[in-house]
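**Student:** Just to be clear, the model below is a prediction. Sequence and coordinates:
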Amino acid sequence: MGVKMTEATPMRAAIYTRISEDPKGLQNGVSRQQEDCEALAASRGWKVVACYSDNDISALKGKFRPGYAELMAAAERGEFDHLP
């Protein structure tokens, strides 16, 4: 039995950010992505319940991305409803 969403219960959102290259480790790109996703979620009335990130990890070469793995596990557990 699922959770019934009402106006009093906002949809739950998770955020995933990734940048392939960040040699200085400044995380500026993923920070901007997160800010944009938070703004989008807020504009839709969604509550951000989790943020996952893989900074300086390229997906092109098949490297393991721990943030993505955590996101997928949370999705399997039904911990959020949307990704902005």
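**Tutor:** Ah, there it is.

**Student:** So for residue 20, what's the pLDDT?
**Tutor:** pLDDT, residue 20: 88.

**Student:** can I assume it is in contact with residue 61?
**Tutor:** No. Using Cβ atoms under 8 Å as the test, residue 20 is too far from residue 61 to be in contact (9.6 Å). Using the backbone N, CA and C atoms, a C-beta is placed for each residue, glycine as well.

**Student:** More neighbours: which of these two?
**Tutor:** residue 20 (14 against 7; other Cβ atoms under 10 Å).

**Student:** check contacts around that one.
**Tutor:** Applying Cβ atoms under 8 Å, 6 or more residues apart in numbering to residue 20 gives the contacts 56-60.

**Student:** Next one: it from residue 11, what distance?
**Tutor:** 30 Å (Cβ to Cβ, to the nearest Å).

**Student:** and what of residue 68?
**Tutor:** Applying Cβ to Cβ to residue 68 and residue 11 gives a distance of 21 Å.

**Student:** burial count for residue 52?
**Tutor:** Close neighbours of residue 52, defined as other Cβ under 10 Å, add up to 21.

**Student:** neighbouring contacts of stretch 56-68?
**Tutor:** 16-23, 25, 52-54.

**Student:** repeat that for 10 Å
**Tutor:** For stretch 56-68, contacts defined as Cβ atoms under 10 Å, 6 or more residues apart in numbering pick out 16-27, 29-30, 51-55, 71-72.

**Student:** Spatially central residue for the chain, please.
**Tutor:** Residue closest to the average C-alpha location in the chain (Cα atoms, centre = their mean): residue 15, at 1.6 Å.
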